[in-house]
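1. sequence and predicted structure below; questions after.
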Amino acid sequence: ARKIIIDTDPGQDDAVAILLALASPAEIEVLGITAVAGNVPLSLTAKNARIVCELAGHPEVKVFAGCDRPMGRPLVTAEHVHGETGLNGPKLPDPTMPLQPGHGVDFIIETLRSEPPGTVTLCPLGPLTNIAQAFVQAPDIVERVQEIVLMGGAYFEVGNITPAAEFNIYVDPQAADIVFKSGVPLVVMSLDVTHQALVTRARNDAFRAIGTPVGIAVAQMTDFFERFDKEKYGSDGAPLHDPCVTAYLIRPDLFTGRHINVEIETTSELTMGMTVADWWGVTDRPANAMFMGTIDADGFFALLAERLARL
Ligand code: BDR
Ligand code: CA
């Protein structure tokens, strides 16, 4: 199984990404989960991550609190999408499992130093603050990372928080810039991919039909998450962004993309956080990211239904 650290701001779609990982021990070993401020403030994302682990029946997972704000800008949150708690929809009990002592960034650093080089994959599902902070504090760990598979950015689908930018990159563009320039192999699940992964009525029904507490909670989460995108884009179901990351670790064949240069806009207010993706290879800037563009959505939702039923 591939060893990963999930860095996250749950978030209903973060929750489903975590559930998919915990349901797939043959392919994925979750070394720990680090929470970051994003969709909602850190106190809530650190709590929500533990709610999700307990829902999955895995209270032994180590959950750490990381950074409570972006590196250089005030925190922007997304209660308008995810609700006041970040996990609106199902009624889930407060967690009883503890938050680990110590800072999430230190956990990332110590784990990369103690595991053999090239054996730990980072899976950011929120703003890239914790990852960039770890790289700044401990530059020696950068070359020890096997790969970063992240949800963030957009090219053809451009922005969902501003006309130019996707939420995770927009919230901490400075951090994203550090990560994209790090030299670590990157796999980027952009809005171009996630806007093809829509929770239609039938797919939502399939989650509910699992009939377990996990299946029902996922149906309720995606129900809640959906109302925003319906109103906003009139789309047939909400995009299930973050599970594309953990699905990729199990079934990379569900995705296609291009290995291209991607730079982050960090200075213009108008386009702050834009992922400037050289999709057509019009510059000679070196490729730094596998920027994903398509997903086999039916295969993805079939995988989710099959795996979530195991929890
Ligand atoms: C991303 O932003 C968050 O609201 C979601 O959890 C996802 O990580 C989509 O732009
Ligand atoms: Ca997220």
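-> Perfect, I can see it now. Ligands and ions are numbered 1, 2, ... in the order given.

2. in this structure Pro25 contacts Lys3, no?
-> No: with contact defined as Cβ atoms under 8 Å, Pro25 does not count as touching Lys3 (11.7 Å). C-beta coordinates here come from the backbone N, C-alpha and C atoms, glycine included.

3. more neighbours: which of these two?
-> Lys3 (16 against 12; other Cβ atoms under 10 Å).

4. is the strand or helix carrying Gly32 up against ligand 2 anywhere?
-> Here Gly32, judged by DSSP states H and E, is contained in strand 28-35. No: Strand 28-35 does not reach ligand 2 (Cβ under 5 Å from the ion); its nearest approach is 10.7 Å.

5. residues from this protein in reach of ligand 2?
-> 9, 11, 14, 125-126, 242.

6. and these as CSV, adding pLDDT and neighbour count?
-> Output for these, formatted as CSV (pLDDT from 0 to 100; neighbours: other Cβ atoms under 10 Å):
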residue, pLDDT, neighbour count
Asp9, 98, 33
Gly11, 95, 29
Asp14, 98, 31
Leu125, 99, 31
Gly126, 98, 30
Asp242, 98, 31
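
7. list the ones among these that fall in helices.
-> Asp14 (DSSP state H).

8. quick check, nearest of the residues of the chain next to ligand 2 to ligand 1?
-> Gly11 (3.9 Å; Cβ to the nearest ligand atom).

9. the closest one reaches Thr85, doesn't it?
-> No: counting by Cβ under 8 Å, Gly11 sits too far from Thr85 to count as a contact (10.3 Å).

10. quick one: Phe300 and Pro252 touch, right?
-> No: with contact defined as Cβ under 8 Å, Phe300 does not count as touching Pro252 (11.8 Å).

11. give me the more crowded residue out of those two.
-> Phe300 (23 against 13).

12. quick one: contacts for that one?
-> 197, 243-244, 247, 251, 254 (Cβ atoms under 8 Å, 6 or more residues apart in numbering).

13. any idea which element it lies in?
-> helix 297-308.

14. give me the neighbour count for Leu31.
-> Leu31: 18 neighbours (other Cβ under 10 Å).

15. tell me the pLDDT at it?
-> Listed pLDDT for Leu31 reads 99.

16. give me the pLDDT for Pro185.
-> Pro185 is given a pLDDT of 98.

17. my read: it touches Glu143, true?
-> No: between Pro185 and Glu143 there is no contact under Cβ under 8 Å: 11.1 Å.

18. which of those two has more neighbours?
-> Using other Cβ under 10 Å as the criterion, Pro185 and Glu143 rank with Pro185 on top: 15 against 12.

19. picking that back up, for the helix holding Phe300, list every residue counted as buried.
-> 297, 300-301, 303-305, 307-308 (16 or more other Cβ atoms under 10 Å).

20. could you do stretch 258-269 as well?
-> 258, 260-266.

21. for the helix or strand encompassing Asp106, packing partners?
-> Element membership of Asp106, judged by DSSP H and E, is helix 104-114. In this structure, helix 104-114 packs against strand 2-8, strand 28-35, strand 63-65, strand 120-124, helix 129-137, with contacts taken as 3 or more Cβ pairs under 8 Å, 6 or more residues apart in numbering; DSSP states H and E.

22. could you give the angle of that helix to strand 120-124?
-> 160 degrees (axes from the mean of the first three to the mean of the last three Cα atoms, to 10 degrees).

23. got a list of contacts for helix 104-114?
-> Contacts of helix 104-114 (Cβ under 8 Å, 6+ apart): 5, 7, 31-32, 34-36, 62, 64-67, 100, 120, 122, 130-131, 133-134, 137-138, 140-141, 144-145.
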